[in-house]
Structure formats: C-alpha cells, structure tokens
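J.: Take a look and give me a structure for this.
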Amino acid sequence: MRQRYGELRHTKPVRVAKGAVAGLCAAVALTHVVLVFLHVAPSNPVSQRYAPQINAWISPFFEQNWLLFAPNPEPDRTQIFARTGWTTATGAHAMSDWFDITAPDDAAITHNPYPSRTNQSMIRRAWSAYEWSHGDGDVSQDDWAVIRAENLRNIAVQRVTGLSPQPFEVIRLKVVTRPITPPGDTPQTDSTEPSTRLLPWWNVTPDGS
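T.: Here you go, the predicted model:
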C-alpha cells in the first residue's frame, strides 16, 4: 500500500526523536556504570581527579557499601536515636524521650534471609555520609556537607513523626557506635567501648515535615 505524502513526511522526525531518546538513555546508563565503577574501584588518578563529580552522582541514592576486589563489611554497630522539641501553649519548651530510629531496621533484618537494602542501610548510610563530610564537627563547610546534613535530618524526621507526642519544631540526634569485637575471648579495651555523639538541634516545620 502506497504511503501518503503526509505520513512519509512525519515518519522521519519520529524516527529521529526515538533515536535521540534511545541514545540519551544509553548515555545515561553508560555514565552511571562508569561512575559506579570509579566509586568502588581502588583509588586511581581518574577517580581522584573527578571525586567531587563522582560523589555528587553516587550520593545519596546510589550509595555503595563495598569496594571492588575488597569487600567492606561494617566494622561497628550504629544505633541512632532522635528526640523532638516543641513550644507549649504557655511558651515553655518541651521535648520528647529518645526514640531508637534504627530499631525498625533491625527488626526487619533479624531472621530475614532476604532483607531489604533500604532496611539495611538507609539511615546508617546517611549517617556515614554526614560523618564523612563533617568530621568531628557539626558545621557544614560546603554545599556537599549541607546536602548530607539535610538528608540525615529528613530521614530522621520521617521516622520520628509518628512517634512524637506533639507536632515538633526541632529535632536532635544521638548516635551510639559500638565496635564489633572479633570472635573469641577478646579482652575488653577502650577501643571496644561504645562512643556517643550528640548532634545539635535542627529546625523543622511546625508539623515536623
């Protein structure tokens, strides 16, 4: 059947558009694979030179907890607690008890042969990224650190909203890190004692969002 002129005229632009979309998807996929590879590969001149770009692409949504040729199991157990604060009708400041916001993750993982990656790592990876970008302090020195702090705060707010007895205006985190001791009768040392880090109060909207 002979094609009409109008149909023939519109066929080429459609093919070009489809080809462009397919090419764009392939380019994004290839870029993602290359950046993930550079992120998990041993340190090299390329990964060192483009470290800011690699980190901006990988974190926080494509965070990887392993290294190529060298598995990287967690060396310690981290518990993160949160408490909320609000202003009462009389103008006084009140705050909640501490809530263990890693407890739901632990419950979902225990005795589960196929635990969700989200349950395994979301809040803890957010904390690791915050700790890496802030060091021993809590002042964000650059945009990268600001993003890490906001990500940690937002996850904590989501987890504690249903637990807070009142709509809250501020939130505070407490991180308790317990090193995983090696097997056997290893004597207790200072290096195996838990450490606690108290973060500053962070402002949120009155409804906690």
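J.: Nearest spatial neighbour of the most centrally placed residue in the chain, chain-adjacent residues omitted?
T.: Centroid check for the chain by C-alpha atoms, centre = their mean gives Ala126 as the closest residue, at 3.3 Å. In this structure, Ala126 finds its nearest non-sequential neighbour in Leu152, 4.5 Å apart by C-beta to C-beta, 6 or more residues apart in numbering. Where you see a C-beta, it was placed from the backbone N, CA and C, and this is true even at glycine.
J.: So what's the residue count around that neighbour?
T.: Residues near Leu152, counting by other C-beta atoms under 10 Å, number 26.
J.: returning to what we had before: surely the residue nearest to the centre of the chain touches Ala149?
T.: No. Ala126 is beyond contact range of Ala149, at 9.6 Å (criterion: C-beta atoms under 8 Å).
J.: what's the pLDDT at Phe168?
T.: Note on Phe168: pLDDT of 93.
J.: right, and the residue nearest to Ala126 touches Ser128 too?
T.: No. Counting by C-beta under 8 Å, Ser128 is not a contact partner of Leu152; they are 9.7 Å apart.
J.: elements contacting the top helix by length along the chain?
T.: Scanning the chain for the helix with the most residues, using DSSP state H, yields helix 5-40. In this structure, helix 5-40 makes packing contacts with helix 45-49, helix 51-58, judged by 3 or more C-beta pairs under 8 Å, 6 or more residues apart in numbering; DSSP states H and E.
J.: winner for burial among those helices?
T.: When you average the neighbours per residue for each of those (mean count of other C-beta atoms under 10 Å), helix 51-58 leads with a mean of 15.
J.: what comes up buried for the following helix or strand past that helix?
T.: Per DSSP states H and E, the first helix or strand lying C-terminal to helix 51-58 is strand 76-87. Within strand 76-87, the residues that qualify as buried are Thr78, Gln79, Ile80, Phe81, Ala82, Arg83, Thr84, Gly85, Trp86, counting by 16 or more other C-beta atoms under 10 Å.
J.: Next: stretch 159-178.
T.: For stretch 159-178, using 16+ other C-beta under 10 Å, the buried residues are Arg159, Val160, Thr161, Ser164, Phe168, Glu169, Val170, Ile171, Arg172, Leu173, Val175, Thr177.
J.: out of these, what pair is the most spread apart?
T.: Longest distance between any two of the buried residues of stretch 159-178 is 28.0 Å, between Glu169 and Thr177; criterion C-beta to C-beta.
J.: picking that back up, among the buried residues of stretch 159-178, name the ones in strands.
T.: Within those, residues falling in strands by DSSP state E are Val170, Ile171, Arg172, Leu173, Val175, Thr177.
J.: Ramachandran coordinates for the residue nearest to the fifth one when sequence neighbours are not counted?
T.: Spelled out, it's Val175. In space, and not counting its chain neighbours, Val175 is closest to Arg197: 4.7 Å by C-beta to C-beta, 6+ apart. Arg197 adopts backbone torsions of phi -130, psi 130, taken as degrees, to the nearest 10.
J.: so how far is stretch 158-178 off the chain centroid?
T.: From the chain centre to the centre of stretch 158-178 is a distance of 17 Å (C-alpha atoms, centre = their mean, to the nearest Å).
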